[in-house]
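Peer 1: Sequence and predicted structure are below.
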Amino acid sequence: MLEQAFEESIKLYQERGFQRRVGFGKRPALVSVDLANAWTRPGNPFTCDQEKMDNEIIPGMQKLLKAFRAANLPVIHVTTAYEITDRNAPFTDMGLWHDKIPIDVVDLADKELWAIDSRIAPVKGEYTLLKKRASSFHGTELAGILRANNVDTILVTGVTACACVRQTICDGIADGFRPIAVKECIGDRVPGAVAWNLFDIDAKFGDVESVDTCIDYLNSLAK
């Protein structure tokens, strides 16, 4: 049903001038969103599709990280955690989001929860950014760090397609970066959410490209 809907929508979008290409720029960074244990491992309210995580997202990330590291290009690992997780506290860094989803379980004191998955763990020279909201840009230092390092393109990976990845891509293009959503490295908890959001992102906010296409681009820069 989704594929049928996409076929009809493609006709409409292309007739009206959507689905243009933002393209790859001259200097990319990898922005890996919430590929931390609370999302990548089983047993947490935030756990995502484990089959896709183990068989597509993590292997795809390992390939991307190898290419980024070989080319000596910036890598930013993004995670989410909160210091004041008492929902009855008079003040909390959770804002109002805990009224919608169980962010109170991602306690800053439990580092194992918000630590980046060991299979794609940061290495020396890579940055781990702690966010409080869906977007990796909203209220964080990300845009400033990218601009200071002359980045014009962000390859975005992670979870979830419908929330943190999507919001990061939308804010990324709004802040003047070329967003590339890496198809095999984006996941979610809900069936169909990845396909729908990637289709919509590709129509309006960024380019959806395969891991192999992204690696070819990175290798061309290295040369």
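Peer 2: Here it is on my side, so go on. Residues are numbered from 1 along each chain as shown.

Peer 1: What's the local residue count around the residue nearest to Phe6 when sequence neighbours are not counted?
Peer 2: Of all residues not flanking Phe6 in the chain, Phe199 sits nearest, at 5.4 Å (Cβ to Cβ, 6 or more residues apart in numbering). C-betas here are computed from N, CA, C, even on glycine. By the criterion of other Cβ atoms under 10 Å, Phe199 has 19 neighbours.

Peer 1: what's the answer for Pro28, then?
Peer 2: Neighbours of Pro28 under the rule other Cβ under 10 Å: 24.

Peer 1: Next, give phi and psi for it.
Peer 2: Here is the backbone geometry of Pro28 (degrees, to the nearest 10): phi -100, psi 160.

Peer 1: beta partners for it?
Peer 2: Thr153 (DSSP bridges).

Peer 1: Next: the one 5 residues further on.
Peer 2: When assigned by DSSP bridges, Val33 has beta-bridge partners Val78, Gly158.

Peer 1: surely it meets Val78?
Peer 2: Yes: contact status for Val33 versus Val78: in contact at 4.8 Å, counting by Cβ atoms under 8 Å.

Peer 1: more crowded one of these two?
Peer 2: Legend: neighbour count by other Cβ under 10 Å for Val33 and Val78, higher for Val33 (31 against 27).

Peer 1: picking up where we left off before, anything in contact with each of Val33 and Val78?
Peer 2: Counting by Cβ atoms under 8 Å, 6 or more residues apart in numbering, the common neighbours of Val33 and Val78 are Ser136, Gly158, Cys164, Thr168.

Peer 1: State the number of residues packed around the first one.
Peer 2: Which is Ser136. 29.

Peer 1: Tell me how far the closest residue to Ala195 other than its chain neighbours lies from Lys11.
Peer 2: In this structure, Ala195 finds its nearest non-sequential neighbour in Leu2, 5.4 Å apart by Cβ to Cβ, 6+ apart. As judged by Cβ to Cβ, to the nearest Å, Leu2 and Lys11 stand 15 Å apart.

Peer 1: likewise Phe205?
Peer 2: Separation of Phe205 from Lys11 (Cβ to Cβ): 20 Å.

Peer 1: quick revisit: CA atoms of the helix or strand hosting the residue nearest to Phe6 as PDB?
Peer 2: Per DSSP states H and E, Phe199 falls inside helix 193-204. Listed next in PDB are the C-alpha coordinates belonging to helix 193-204 (Å, rounded to 0.1, in the frame of the first residue of the first chain):
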ATOM      1  CA  ALA A 193       7.700   4.600   9.500                       C
ATOM      2  CA  VAL A 194      11.100   4.400   7.900                       C
ATOM      3  CA  ALA A 195       9.800   4.000   4.300                       C
ATOM      4  CA  TRP A 196       7.200   6.800   4.700                       C
ATOM      5  CA  ASN A 197       9.600   9.300   6.300                       C
ATOM      6  CA  LEU A 198      12.500   8.700   3.900                       C
ATOM      7  CA  PHE A 199      10.100   9.200   1.000                       C
ATOM      8  CA  ASP A 200       8.800  12.400   2.400                       C
ATOM      9  CA  ILE A 201      12.300  13.700   3.400                       C
ATOM     10  CA  ASP A 202      13.600  12.900  -0.200                       C
ATOM     11  CA  ALA A 203      10.700  15.000  -1.600                       C
ATOM     12  CA  LYS A 204      11.200  18.000   0.600                       C
END
